[in-house]
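Student: Could you work out the structure for the sequence below:
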Amino acid sequence: MNKIEILKSIKDGLKIKEEITRFAKEGWKSISEDDIQRLKWFGLFLRNPTPGYFMQRVRIPNGISFSYQIKALCSIAKNFGNGIIDITTRQQVQLRNLKIEDVPEIFTIQEGVGITSIQTGLDNVRNIMGCPVAGLSSKEKVDGYSQVKALTKYISGNSEFSNLPRKLNIAITGCSDDCIHAETQDLALVPAVQELGGNTVYGFNILVGGKLGSGGYRIATPLDVFVIPEDVVKVCSEIILLFRDHGSREIRSKNRLAFLIEEWGEAKFRKALQEKLNDKLTPSGVDLRSNQKSEHIGIYRQKQSSLSYVGLKVPVGRIHADKLQDIALIAEKYGNGEIRFSHSNSLIIPNVPDQKLGDLLEEPLVKEFTYHPSSIMKGLVSCVGIDYCHLATIETKSRALQVAKELEDKLPDTESINMHWSGCPAGCGNHLVADIGLLGKKIKQGNEVVDAVDVFMGGRTGIDPKLATKVMEDVPCDELAKVLQHMVPYHTREKMHPIKGKKYKRNWKKASLAIPLEESSSSEKIKPRNQNIDIKPLSYNTEDTVKILNSKGWKKNSDGWLEKEISYD
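Tutor: From the prediction side, this is the model:
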């Protein structure tokens, strides 16, 4: 057994809460290494970059919270932490620089407003994700949020689910847009329709075995099971228990549900689930998701009459508690006090009446965290980075912002593109499912060790998921904006993510090509790598890039733009 399994066999992680008051009196140095690990069952992480200080990961099911909860979190961040709050790619928040001496009081404050950090770390079901506009969108055919709440309530604090072989990520969505990367989840429920007894029934298809870390992106396997909303808790619970009882507990890098699915295959896993339920399973229905992607940033009509929701971009997900507290006040003033977090480092203020919408848009904070970010900033996502995570190899958030701002200046008219940063192969920034994914690393450049990235393209989730392709590696971060400046104008999401039967005509302004060739003189320092015979790494030299595009059918039109018509049948 590995060391984590040994410590779990000695004491269930949930029992560590009984010891926290003692730890608070004796100080962090009194806590044993095993108990440092067990504290993760309550979302407390002692990070190597900040000795003596803990990060707390707060569970926010479906990313849906209320102003009084946000005010409490902001107060904790300011009074007990460093005043910074991070919005994560699992729709939850992280507080930093907390002392163990203050944790009992912090827990009391959080419990008073109905929030918790229970089971947000190590071998547990992590925060359950869902569409951040659940219950608001007219395109939604089935309610996912009710199921997220019900399943969260059932597993939280339940010792049946507190000793899994590894973490388990779950998403439940009724959204027709690809907004939560369902194919990356260990267990995902996506909207579907099935004919049952001559009636049209809306529910969910089940996907299992997706992941991003532990060896890269594995696309979740369709289980060929349709479940009605009323059965979600029962069916999901049995899937979790199958993983608990049969998942590997040896090498931790091979302990995710994905490896059990690989070992057993879909048919055996499905049969085992049917035996656990002692009931016949319904085959999967018609997947109701479209091939469109949405971060839900912008102003959108709700299905409720005369109401809208406003999605605001929080660049790389980091915000000061003072500002988030003021946003909570804005949500009270113009909406119903709800604040929703999305996986894309953004937040949503719902239920804004028509007569208040104009005034809301004039609020200074709404202009700062804008509802109409640039095409570069809108899809920018970053993990925490080396500042607070011992696994990260580079500082991702500041690097991501710097590169994005440089690209905004150089490419003001580019099409929308998702650019995701991860500081290590664990992939918390979801870099393998982005238009452009950036994986941090260190490289030697002359006599110096510098921050660098490998560049991936074309990863995606949804009804036609695809693995990303590494197109460049060892790109120094200080040169990255210059490199991406040559790539981004020629990236076509429609070509990489085609919709059957739709034609596309794509143009780029001639101005985007006016890049001095001497700026590319350092290209010999960067080693492109081709891992797919159909995709060749792009040259950093603009003239060479245009030649490549010409050879593939792209031609300048009368306005000096590059243009090509593509048809997908």
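
Student: all contacts plus neighbour counts: C-alpha atoms, from now on.
Tutor: Will do.

Student: Do you have the helices of the stretch 201-350 of the chain handy? List them.
Tutor: Remark: helices assigned in the stretch 201-350 of the chain by DSSP state H, counting those that start in this stretch are 232-246, 257-264, 266-277, 321-334.

Student: Of all those, which one comes closest to residue 290?
Tutor: Closest to residue 290 of the helices of the stretch 201-350 of the chain is helix 232-246 (CA to CA; 22.5 Å).

Student: Mind listing what's buried along the closest one?
Tutor: Residues of helix 232-246 classed as buried: 232-233, 235-244 (neighbour count, 16 or more other CA atoms under 10 Å).

Student: Residue 223 versus residue 175, what's the distance?
Tutor: 19 Å (CA to CA, to the nearest Å).

Student: cool, residue 411 as well?
Tutor: Residue 411 is 43 Å from residue 223, by CA to CA.

Student: Likewise for residue 470?
Tutor: From residue 470 to residue 223 the distance is 29 Å (CA to CA).

Student: thinking again about what came up before, turn the buried residues of helix 232-246 into JSON lines, columns for distance to residue 434 and pLDDT.
Tutor: Converted to JSON lines, the buried residues of helix 232-246 look like this (distance: CA to CA, whole Å; pLDDT from 0 to 100):
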{"residue": "232", "distance to residue 434": "29", "pLDDT": "98"}
{"residue": "233", "distance to residue 434": "31", "pLDDT": "98"}
{"residue": "235", "distance to residue 434": "31", "pLDDT": "98"}
{"residue": "236", "distance to residue 434": "28", "pLDDT": "98"}
{"residue": "237", "distance to residue 434": "31", "pLDDT": "98"}
{"residue": "238", "distance to residue 434": "32", "pLDDT": "98"}
{"residue": "239", "distance to residue 434": "29", "pLDDT": "98"}
{"residue": "240", "distance to residue 434": "28", "pLDDT": "98"}
{"residue": "241", "distance to residue 434": "32", "pLDDT": "98"}
{"residue": "242", "distance to residue 434": "31", "pLDDT": "98"}
{"residue": "243", "distance to residue 434": "29", "pLDDT": "98"}
{"residue": "244", "distance to residue 434": "31", "pLDDT": "98"}
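
Student: you'd agree residue 56 is up against residue 45?
Tutor: Yes: with contact defined as CA atoms under 8 Å, residue 56 counts as touching residue 45 (6.4 Å).

Student: out of those two, which sits in the more crowded spot?
Tutor: Each of residue 56 and residue 45 has its neighbours counted (other CA atoms under 10 Å); residue 56 has more, 24 against 21.

Student: Just name whatever secondary elements whichever strand or helix holds that one is in contact with.
Tutor: Assessed by DSSP states H and E, residue 56 sits inside strand 54-58. On a contact count with 3 or more CA pairs under 8 Å, 6 or more residues apart in numbering; DSSP states H and E, strand 54-58 meets strand 44-46, strand 93-98.

Student: Let me know which of those is the nearest to residue 313.
Tutor: When the helices and strands packed on strand 54-58 are compared (using CA to CA), the closest one is strand 93-98, at 15.1 Å.

Student: between that closest one and helix 321-334, how many degrees?
Tutor: 140 degrees (axes from the mean of the first three to the mean of the last three CA atoms, to 10 degrees).

Student: could you give the angle of the helix or strand just after strand 93-98 to strand 93-98?
Tutor: Moving toward the C-terminus from strand 93-98, the first helix or strand encountered (DSSP H and E) is helix 103-112. Here helix 103-112 runs at an angle of 160 degrees relative to strand 93-98 (the same axes, to 10 degrees).

Student: List the residues that contact residue 414.
Tutor: Residues counted as contacts of residue 414 (CA atoms under 8 Å, 6 or more residues apart in numbering) are 375-376, 488-489, 508.
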